[in-house]
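> A structural model of the following input is requested.
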Amino acid sequence: MVDLSVRWAATLTAARRSPTPDPTPYATNLLTRWAEPHRKYHTTAHLTHVLHRIDTLAEHAEDPELVRLAAWFHDAVYRPDRSENEERSAALAERALPEAGLDEGSTAEVARLVRLTVTHDPADGDTNGEVLCDADLAVLAGDPEEYAAYAAAVREEYAFVPDDAFRAGRAQVLRQLLALPRLFRTPYGSREWEARARENLTTELELLTD
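Numbering: from 1, shown residues only. Reported below is the predicted structural model:
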């Protein structure tokens with residue numbers, strides 16, 4: 001497996017025009033954020049998973065390197081008791097990426113993509129958004145053991161929420177997802193992940209509401 005800091009350097013170098021400044025401090029800052037002790041699901045393992053799924057879907061994106069940068073930032077600021085994580089993560093990208101040598105237009109696109117993960121609802125033809133959102137939601141299509149581990153990690157992240165309240169809130173989220181006409185927008189995601197994700201979501205909802 002390629003070291004995440006190496007992946008970051010390669011992505012940033014490909015996305016910007018200047019070889020400076022050194023990418024390393026930015027990788028260190030981001031990886032420190034992703035490794036915060038209160039995180040149980042939104043960890044470096046999740047970041048790695050999203051980056052791998054972007055690799056799978058990269059041919060669909062207009063600019064896969066900017067999608068990869070958005071993956072790095074999309075949960076860089078994360079507190080489970082706050083609702084503005086995506087906005088704060090986008091703002092971090094808007095501060096850090098110009099310092100790191102990215103041009104204004106590319107920075108704006110990365111921030112837009114980060115904000116899109118609030119709804120996971122890209123417009124038709126937004127291929128960058130479709131790839132990021134599909135990669136982020138691909139965890140829903142894991143095998144039963146992988147999905148169970150994901151659900152358990154989400155519950156652990158919200159350990160401060162009482163069981164009854166968590167079950168009600170989580171059930172609402174699952175129903176909202178199942179009500180979407182489609183979870184995945186890329187051809188690959190639709191073909192390979194949609195059916196399994198819906199099966200997993202339905203199973204979890206049944207377990208929560210029994």
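> Let me know the secondary structure of residue 79.
Using DSSP: H, G, I helix; E, B strand; the rest coil, the three-state assignment for residue 79 comes out as coil.
> residues in contact with the residue nearest to it when sequence neighbours are not counted?
Nearest residue to residue 79 in three dimensions, chain neighbours excluded: residue 85, at 6.4 Å (C-beta to C-beta, 6 or more residues apart in numbering). C-beta: built from backbone N, CA, C; applies to glycine. Neighbouring residues of residue 85 by C-beta atoms under 8 Å, 6 or more residues apart in numbering: 75, 77-79.
> Geometric centre of the chain: which residue is closest?
Residue closest to the average C-alpha location in the chain (C-alpha atoms, centre = their mean): residue 136, at 3.9 Å.
> Now that that one has come up, it's in contact with residue 120, right?
Yes: counting by C-beta atoms under 8 Å, residue 136 does reach residue 120; the two are 6.8 Å apart.
> now the contacts of residue 85 in TSV, with neighbour count, pLDDT and distance to residue 105?
Below are the contacts of residue 85 laid out as TSV (neighbours: other C-beta atoms under 10 Å; pLDDT from 0 to 100; distance: C-beta to C-beta, whole Å):
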residue	neighbour count	pLDDT	distance to residue 105
75	22	97	23
77	20	98	23
78	21	97	27
79	14	96	30
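> For residue 181, state which of the residues you listed is nearest.
residue 75 (25.6 Å; C-beta to C-beta).
> Flag every buried residue along the strand or helix carrying residue 56.
Under the criterion of DSSP states H and E, residue 56 resides in helix 44-57. Of the residues in helix 44-57, 46-51, 53-54, 56-57 count as buried by neighbour count, 16 or more other C-beta atoms under 10 Å.
> can you check stretch 127-146 too?
Buried residues in stretch 127-146 (16+ other C-beta under 10 Å): 127-142.
> Also stretch 13-33?
Quick answer for stretch 13-33 (16+ other C-beta under 10 Å): 15-16, 23, 26-27, 30-31, 33.
> Please name the spatially closest residue to residue 14 (chain neighbours excluded).
Nearest non-adjacent residue to residue 14 (C-beta to C-beta, 6+ apart): residue 65, at 4.7 Å.
> so what pLDDT did the one you found get?
For residue 65, the model assigns a pLDDT of 98.
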